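> 3D, please:
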Amino acid sequence: MVLLEATFLTRALGYILLAFALGAAVVTTKIVVQYHNPVFFGDQWAIVADLQSANGNITAHNLWAQHNEHRIPIARLAGYADLLLLGGRNTILLVLIFFIQLVHLAILLAVLRKFGPADLRFEIPAAALCLYCLFSPLQIENLAWGFQLHFVLILCAASLAFAFAVTQTPPFAGLIATAWVAELCMSNGVLVWPVLSLVAFGVGYSRQKQIWLGAIGAASVAIYFLGYRTPPYHSNPFESLRHPLAILKFVVTYFRSSFDPSAPATSTWPTIAESLTLIVCAWVLTNAFRCFVLRRPGFSRLEKFCYANQLFLLATVTITALGRLRFGPEQAMASRYQGVALLFWACAGILILLRSAQAENSSVLVGCEAVLLVLFLAQPARFAAAEDFARDRKAISEKAYAALAQNTNDRAAIGADFPSVEAVTAWYGYLRSHHLGPDPREFGGAPVSPGLATVHPATNAPQLNGYLLAPPDACWGFLDEGVPVEGSPHAFTIFGWAWQRTGARLPEKVVLAFPDGAIAQTAGLTVARPDVQKAAPEITSLNTGWTATIQAGSGVRLRAYAILAGQPNEFGDVPTTPTACPLSNEFVAP
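Residues are numbered from 1 along each chain as shown. The predicted model follows:
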């Protein structure tokens, strides 16, 4: 009778946990749909910067270029597709994020089904835990911001790679391909390779396969770090290593914030939540060492999968701490980091439920499910904070876009969306002149005229009165945009950038001229263009951007020229006649 009651209670608790997880997923979906943000925010403007710097082309250089500490070619391709094919409203990116999470859930459920015990008392609460952790509102930033596609894809790819590794049945090429996908998502993707090598050793891969896996992994990591630079505003990882306790504090805060939202404690001694987190981390590392290094028998493939994933997640959090230590442990509580933390706890919960289901006393499993239920029931109060986050993010972006659309010069509003007001203003001009992004009329701006595609490849031979013409390879630069000035029917603000390759310096100025070579306007190089520096690291100056306002009637054509700073010839003399270098594109007034 006691056994039957315990079995009934176990299943009942399992279904309650599953219902709660489904409810959390519904809440998340509601928040994402209700506060769908069709406007670029923060780092997402990098997609526009890429296209602007490459004259609208998708280049291998931009795809592989660093974004902060990461290389994100897959996320960039998705961003380009969203912007160029669907207008850049984030919709397809959010759909892809949810699709990736569903695929990830399917992978975890398949692992549970194939490697775990065929017992509903275990399967139902374990499935509920996976569902909750992947779709929890606690990681709302990953699920409601289209730019975070790479954050969810890397975890999905890593889980699939580890599932392949412990199964040993899929083709070896499939294992390599999933590891490459992870590496092409974010910098922590390189950590998949050493974990896979450790798993290959632990599960008994042939020596030949281990050598191939290690060689391919080492080559892939080496290629990733060719030309890699630590972002100047991040912590120096080697300097961070001198502060092990601060690193530990960051790591513990990262994980324990999944169930404890309180601010990091200032005390040297750990809190109860921090102590529990430390115990779980130590337990995982100890068992992973016994499983993969000592190759002790008795570990199931499900346990090996969980430990492999947790090793990868622990390594991810550690390198995050090394690069962001200067921001303090508060940084570790960011919503976007909960994707990693919650997956870690999902694996930990699966391991605990597995041990409990194998116990002779059914009350052990009942106790574990009860603890899970208490932890679940403590979270809904935080769901409101997730909704506030999504609402505020949407309001910030839309206010900034309205300021750009209405040309109000509200620097505070624009700066809240992206720190460099000048850069985002130029990027907005690019969107408008190419009919991309949300319609400004949605935000109180003037409609875009069909004739506003005012920037085209130059068709006439360059000509500038009073100047010698240098060969085009003497400079880099573009005339990027021509945007109408609000309230002035024939006034346009023209944006662009320029760099003098001879001498590796800024040109003296930029000149706008008519096709007959007559000068129309001059501009100084005073606008910060971080997008240009990111696309071409050899450019050493930030202020390569220029802007000029002109009056131009319909059909007027203008071309931009960089006026080169004087360079001595082979005899040491500086030419008296100034030299101009034509920039790419020309402006045509609509």
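> In three-state terms, label residue 548 for me.
With DSSP: H, G, I helix; E, B strand; the rest coil as the basis, residue 548 sits in strand.
> State the distance from the closest residue to it other than its chain neighbours to residue 128.
Excluding its sequence neighbours, the residue lying closest to residue 548 (Cβ to Cβ, 6 or more residues apart in numbering) is residue 523, at 4.0 Å. (Glycine included, C-beta is placed from N, CA and C.) In this view, residue 523 and residue 128 are 61 Å apart by Cβ to Cβ, to the nearest Å.
> So those two - more neighbours on which side?
Legend: neighbour count by other Cβ atoms under 10 Å for residue 523 and residue 128, higher for residue 128 (27 against 21).
> residue ranges with poor pLDDT in this protein?
1-6, 360, 407-408, 444-457, 531, 534-535, 567-576 (pLDDT under 70).
> Show me how it divides into domains.
Domain ranges of the chain: 2-37+90-378, 389-443, 455-588, per automatic domain parsing.
> can you put those domains in JSON lines and add distance to residue 78?
Listed next are the domains of the chain as JSON lines, based on distance: least, Cβ to Cβ, whole Å:
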{"stretch": "domain 2-37+90-378", "distance to residue 78": "5"}
{"stretch": "domain 389-443", "distance to residue 78": "15"}
{"stretch": "domain 455-588", "distance to residue 78": "19"}
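> Of the ones you listed, which is nearest residue 54?
Taking Cβ to Cβ, domain 455-588 is the member of those nearest to residue 54, at 7.0 Å.
> Report the distance from that closest one to the chain centre.
In terms of Cα atoms, centre = their mean, to the nearest Å, the centre of domain 455-588 is set 33 Å apart from its chain centre.
> go on, stretch 290-307?
32 Å.
> now for it, what's the gap between its first and last residues?
With Cα to Cα, to the nearest Å as the measure, stretch 290-307 spans 11 Å from end to end.
> Buried ones in it, by neighbour count?
291, 292, 299, 301, 302, 303, 304, 305, 306, 307 (16 or more other Cβ atoms under 10 Å).
> How about stretch 514-534?
Quick answer for stretch 514-534 (16+ other Cβ under 10 Å): 514-515, 517, 520-521, 523, 525, 527-534.
> Most widely separated two among those?
517 and 534, at 34.2 Å, using Cβ to Cβ across the buried residues of stretch 514-534.
> Mind listing residues that contact stretch 366-377?
When contacts are defined by Cβ atoms under 8 Å, 6 or more residues apart in numbering, stretch 366-377 is touched by residues 6, 9-10, 13-14, 16-17, 20-21, 24, 125, 129, 132, 259, 349, 352-353, 356.
> before we move on, what about stretch 200-218?
165-166, 168, 172, 175-176, 179, 193-194, 196-197, 291-293, 295, 304.
> next one: stretch 284-300
With Cβ under 8 Å, 6+ apart as the contact definition, stretch 284-300 has outside contacts at 115-116, 198-199, 201-202, 204, 303-304, 307-308, 310-311, 314, 348, 354.
> Please list only the buried members of these.
115-116, 198-199, 201-202, 303-304, 307-308, 310-311, 314, 348, 354.
> From those residues, pick the one nearest residue 406.
Of those, the one sitting nearest to residue 406 (Cβ to Cβ) turns out to be residue 314, at 48.2 Å.
> That closest one and residue 295, how far apart?
20 Å.
> Could you find the closest non-adjacent residue to residue 138?
Here the residue nearest residue 138, using Cβ to Cβ, 6+ apart, is residue 338, at 4.6 Å.
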